[in-house]
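J.: Sequence plus the predicted model coming up.
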Amino acid sequence: MKIIDLHCDVLNKLSRFEDMSFLNDPRLDSNFERLKAGNVKVQVFAIYVHPKVPIEQRFQMALKQVEAFKKFVLTTPGVVHITEWEQIKELQEDEFGAVLSLEGCDCIGTDIEILKVLLDAGVKLVGLTWNYENDVAYGNLEDPNKGLKPFAKTVINYLNERDIILDVAHLNDAGFYELISLAKHVIASHSNSRTICANPRNLTDEQVKLIIEKGGRVHVVFYPPFIENEMEQATIPQIIDHIKHLVKLVGVENVGFGSDFDGIDFKVDGLTNASEYQNLTNALLQHFSEEEVRMMSYNGFEKYVLSLKA
Ligand SMILES: [Zn+2]
């Protein structure tokens, strides 16, 4: 069953290790061979700059990841750079779609021109923060009551203008509610249910419903501490508990996957890298029809992005 995965941190690794091959390096959970083996058809590659990088070097780091995307990912035979969502529809049997996203606006400071450079490079989804405060908003590991910063409006308006999807995965609660009222397109690219696992990285039922009311989607993440409270281990049936809860809330057409491979140090049993993706879809078939699993693994997101532009 083919897969669209909304989040991996391959670019961060590729930009740091010069000798790393996207094709088959065993240090990459989502190297190309593993993605192919897991039948991942479209992968979103995040640009992620660690908060320890000094502010003045962050844009350079982001550009380095764009370069890694071009140099290692886009040169792989069969890889198509998705810069317009319509391209997903046209992918051939032997082709693989690669999408860029930005995980946190830490690298833009208060310079909208930097954001423009990244969107021009192909970024299609933007999260305002990672876990911590920046010039735009506060992350989910901080005070949940602090709202968006004044510069956020400029950022959100610009992203709306360019039909970019706002990703709420790491945003704190107050920021989330403000963003929901301002953003045109909203998604959670890699978040689970806070009802099932009480972690601030996860979404409350109310938040999930608001995202879907905005026409957006929720994609579950395979990181054990967000699946089972604070645990370093989790199982596929435990991920399915999140999926079942979300499906009950908002329907099978609005739920998908965002593995977070290459950004996580603990893994789910039987789902430790992209090559094992079909273990999840096979397990889902015990609970859902084939059509429903296809909806979650691929068709729902395709339908969503094709409807983005009027
Ligand atoms: Zn993340």
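T.: Looks like it came in fine.
J.: Could you point out the longest helix of this protein?
T.: Longest helix in the chain by number of residues, with DSSP state H as the criterion: helix 236-250.
J.: Show me what it is packed up against.
T.: helix 205-213, strand 217-220, helix 224-227, strand 255-257, helix 277-284 (3 or more C-beta pairs under 8 Å, 6 or more residues apart in numbering; DSSP states H and E). Every residue, glycine included, has its C-beta placed from N, CA and C.
J.: Please identify which of the ones you listed is closest to residue 17.
T.: helix 277-284 (23.8 Å; C-beta to C-beta).
J.: ok, residues contacting that closest one?
T.: By C-beta atoms under 8 Å, 6 or more residues apart in numbering, the residues outside helix 277-284 that reach it are 1, 3, 5, 38-40, 236-237, 239-240, 243, 257, 259, 270-271, 293, 296-297.
J.: for stretch 250-257, same thing?
T.: Against stretch 250-257 from outside (C-beta under 8 Å, 6+ apart): 3-6, 208-209, 212, 216-220, 222, 243, 246-247, 280, 288, 292, 295-297, 300-301, 303.
J.: Any chance of a markdown table for the helices and strands packed on helix 236-250, columns mean neighbour count, mean pLDDT and distance to residue 309?
T.: Shown next, in a markdown table, are these (neighbours: other C-beta atoms under 10 Å; pLDDT from 0 to 100; distance: least, C-beta to C-beta, whole Å):
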| stretch | mean neighbour count | mean pLDDT | distance to residue 309 |
| --- | --- | --- | --- |
| helix 205-213 | 18 | 98 | 19 |
| strand 217-220 | 28 | 98 | 16 |
| helix 224-227 | 24 | 97 | 32 |
| strand 255-257 | 26 | 98 | 20 |
| helix 277-284 | 20 | 98 | 29 |
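J.: Residue 76 is nearest to which of the ones you listed?
T.: helix 277-284 (18.2 Å).
J.: how far off helix 236-250 does the closest one point, in degrees?
T.: 60 degrees (axes from the mean of the first three to the mean of the last three C-alpha atoms, to 10 degrees).
J.: And the helix or strand just after helix 277-284, what's buried?
T.: Counting by DSSP states H and E, the element after helix 277-284 in chain order, helix or strand, is helix 290-294. For helix 290-294, the neighbour count (16 or more other C-beta atoms under 10 Å) marks 292-294 as buried.
J.: try stretch 297-310
T.: Here stretch 297-310 shows 297-302, 304-305 as buried, counting by 16+ other C-beta under 10 Å.
J.: what does stretch 58-69 give?
T.: Going by 16+ other C-beta under 10 Å, stretch 58-69 has these buried residues: 58-59, 61-66, 68-69.
J.: If any of the contacts of helix 277-284 are buried, put those into a PyMOL selection.
T.: To isolate the buried members of the contacts of helix 277-284 in PyMOL, using 16+ other C-beta under 10 Å:
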select buried, resi 1+3+5+38+39+40+236+239+240+243+257+259+271+293+296+297
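J.: The closest residue to residue 228 other than its chain neighbours and residue 200: what is the separation?
T.: Excluding its sequence neighbours, the residue lying closest to residue 228 (C-beta to C-beta, 6 or more residues apart in numbering) is residue 234, at 4.8 Å. Per C-beta to C-beta, to the nearest Å, residue 234 is found 18 Å from residue 200.
J.: Of these two, which one has the most company?
T.: Between residue 234 and residue 200, residue 234 has the larger neighbour count (other C-beta atoms under 10 Å), namely 23 against 16.
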